[in-house]
Structure formats: structure tokens, C-alpha cells
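Asker: sequence below, structure please.
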Amino acid sequence: MKNTNRLNEIKNKIVSSIAPNKIVLFGSRATGKYTKDSDYDLIVIWDNELNQRESNFKIRRLFPGRDFSLDVFVYKTKDEKIYKNIRGSLLYTAFKNGKIIYEQK
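Answerer: Next comes the predicted model:
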């Protein structure tokens, strides 16, 4: 399956299941320097009542028995506003070098 097809499936499943504020693809898949075994690295901005660990787990459970590697990092909007401008933070790197693949309107 092509990268864009798989990525759209992942994005659509997350959006339809949890209605996040934003999804950012980062890492090798965002830069185009990936191999067939590269994982999908995603930042999901999602304001909810769960803690970060529970939020990550909830999203990962959307893809049982998957045949691809998926790394998901969930942050709330307040965290995005703080950390996306702090050099060295994961959010800074993801927003600087990644691609926003979904943004709630």
C-alpha cells in the first residue's frame, strides 16, 4: 500500500473516532526519507479528559492487529501552545519539520 493511502486511512480513523483538534505527521514519513518498514510518527492535539498515557492508548487501540508501526504522541492544545516554540521539544521538532495532515475547522 502506498504511503499516502495508508496515511489517509490512519488519519481518517483517528478523526472519525476521536475528533482531534490537529494531527501532525513527522519523522521520515513527513520528509519523504522513509523505507517500507518506517513507522508513522504522529502528534495528535486532542483536548479530552484523559491523561496523556490513556489518550495514547485509546488511539493505538483503534488499530488492532496492524501490520505497520505507529508512534502516537497526544498533547492538549495548552501544551501545543507552550512547547511548539521551545527548541529541543518533540512538539517543536514535529511542527518545524513535519506536516499538519488534519486540522479541525
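Asker: list the helices and strands the lengthiest helix in the chain packs on?
Answerer: Longest helix of the chain, by residue count under DSSP state H: helix 3-18. Here helix 3-18 touches strand 22-26, strand 40-45, helix 52-60, strand 99-103, going by 3 or more CB pairs under 8 Å, 6 or more residues apart in numbering; DSSP states H and E. Heads up, the C-betas are built off the backbone N, CA and C, glycines and all.
Asker: tell me the angle it makes with strand 40-45.
Answerer: Calculated by axes from the mean of the first three to the mean of the last three CA atoms, to 10 degrees, helix 3-18 forms an angle of 30 degrees with strand 40-45.
Asker: buried residues, helix 3-18. List them.
Answerer: Using 16 or more other CB atoms under 10 Å as the test for burial, helix 3-18 gives 7, 10-11, 14, 18.
Asker: so what's the most centrally placed residue in the chain closest to, chain neighbours aside?
Answerer: Nearest to the mean C-alpha position of the chain, counting by CA atoms, centre = their mean, stands L42 at 2.1 Å. In space, L42 comes closest to V72 once its chain neighbours are excluded; the distance is 5.1 Å by CB to CB, 6 or more residues apart in numbering.
Asker: so the one you found belongs to a helix, correct?
Answerer: No - remark: V72 does not belong to a helix; assigned using DSSP: H, G, I helix; E, B strand; the rest coil, it is strand.
Asker: I'd say it and I45 touch.
Answerer: No - contact between V72 and I45 fails when scored by CB atoms under 8 Å: they sit 11.6 Å apart.
Asker: that older thread, and the longest helix of the chain, average pLDDT?
Answerer: Across helix 3-18, pLDDT averages out at 94.
Asker: ok and it relative to strand 22-26, angle-wise?
Answerer: Angle of helix 3-18 versus strand 22-26, following the same axes, to 10 degrees, is 150 degrees.
Asker: show me what contacts the closest residue in space to N48 that isn't next to it in sequence?
Answerer: Spatially, and ignoring its direct neighbours in sequence, N48 is nearest to S55 (6.2 Å; CB to CB, 6+ apart). Applying CB atoms under 8 Å, 6 or more residues apart in numbering to S55 gives the contacts 44, 46, 48, 74.
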